[in-house]
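Asker: Got a predicted structure here, sequence first:
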Amino acid sequence: MTRSGTGQDRVYQALRTRILEHELGPGSRISISGEAQRLGVSQTPVREALNRLEGDGLVVRVASRGYAVTPLIDREQLAELFELRLLLEPWAAGEAATARLRNPARLLRDELEVLERLRGTEQAVQAQRALSDQRFHEAIVDAAGNGFLTTAVDRLHAHVHVFRLHQIDAEGRETYREHAAIFAAVEACDPTAAEAAMRAHLHGAFARLSAPAGADGITPRAARSHLR
């Protein structure tokens with residue numbers, strides 16, 4: 001599955017960015033008329049965008065209130081989410097690390113360069129890091145060539161979005177190091193190394209994302225099975 005932007009996606013991308021950058025915070029109500037006025041469009045494309053964002057897991061429909069940004073998941077739910085990621089994404093990395101024409105090494109290198117250029121800890125910069133991280137993982141999952149996996153991982157990543165601006169790796173250095181290891185394995189067409197690098201990255205990401213929420217000591221079961 002490919003992801004390409006078109007003019008029709010403008011409203012969707014604008015709302016998604018506002019959510020990822022916390023201009024619309026977790027649990028906040030979204031005014032369809034207000035967003036239509038702000039973006040200079042009718043209410044129809046805003047409704048269509050919200051339908052898409054609901055499918056992404058970024059907004060929820062609230063009875064009699066329209067739409068709201070998805071609330072922050074708790075630390076136990078975060079652990080469960082990473083358990084599933086640990087089952088899916090290392091396999092995807094191994095599949096991507098092949099000599100096939102869709103090997104995503106070039107795309108991964110591009111995102112590493114983006115991450116390296118981003119400096120500072122302000123919220124907008126961290127949001128850009130989050131988007132780069134998302135594109136990095138999307139490239140790997142897309143290269144695995146399984147549409148069901150793509151859909152599943154997209155929804156999992158959506159639930160992590162509110163944690164990304166509150167992790168201890170505020171400047172993205174650890175994320176860069178872990179992404180670089182995944183890139184090196186994919187570029188070398190080494191599936192075993194790619195799986196191991198992705199697993200190490202997910203362990204690190206979970207630790208960074210959960211620590212500020214007071215989840216120290218909580219380890220996903222799938223992660224524990226690989227640490228024995």
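Answerer: In hand now; what should we look at? Because the structure is a prediction, the values reported are computed rather than measured.
Asker: same question for stretch 118-138, mean pLDDT?
Answerer: If you average the pLDDT over stretch 118-138, you get 83.
Asker: Can you give me the domain boundaries for this protein?
Answerer: Domain assignment for the chain by automatic domain parsing gives 7-69, 75-227.
Asker: How far off centre is the first one?
Answerer: Computed by C-alpha atoms, centre = their mean, to the nearest Å, the chain-centroid distance of domain 7-69 equals 18 Å.
Asker: got any ranges where the chain has weak pLDDT?
Answerer: Across the chain, residues meeting the criterion (pLDDT under 70) sit at 1-8, 161-170, 212-228.
Asker: cutoff 80 now
Answerer: Scanning the chain for pLDDT under 80 picks out the ranges 1-8, 20-22, 64-65, 72-73, 121-124, 126-127, 155, 157-171, 211-228.
Asker: for the residue lying farthest from the centre of it, helix, strand, or coil?
Answerer: Taking C-alpha atoms, centre = their mean as the measure, the residue most remote from the mean C-alpha position of the chain is residue 64, 29.8 Å away. What DSSP: H, G, I helix; E, B strand; the rest coil gives for residue 64 is coil.
Asker: Got phi/psi on it?
Answerer: Phi and psi for residue 64, reported as degrees, to the nearest 10, are phi 70, psi 0.
Asker: Kindly provide the distance from the residue nearest to residue 193 when sequence neighbours are not counted to residue 124.
Answerer: Leaving aside its sequence neighbours, residue 193 sits nearest to residue 185 (C-beta to C-beta, 6 or more residues apart in numbering; 3.8 Å). The way it works is simple: take the backbone N, C-alpha and C, and place the C-beta from them, glycine included. As judged by C-beta to C-beta, to the nearest Å, residue 185 and residue 124 stand 31 Å apart.
Asker: what about these two, which has more around it?
Answerer: residue 185 (23 against 11; other C-beta atoms under 10 Å).
Asker: if I look at residue 38, how far off is residue 24?
Answerer: From residue 38 across to residue 24, the span is 11 Å (C-beta to C-beta).
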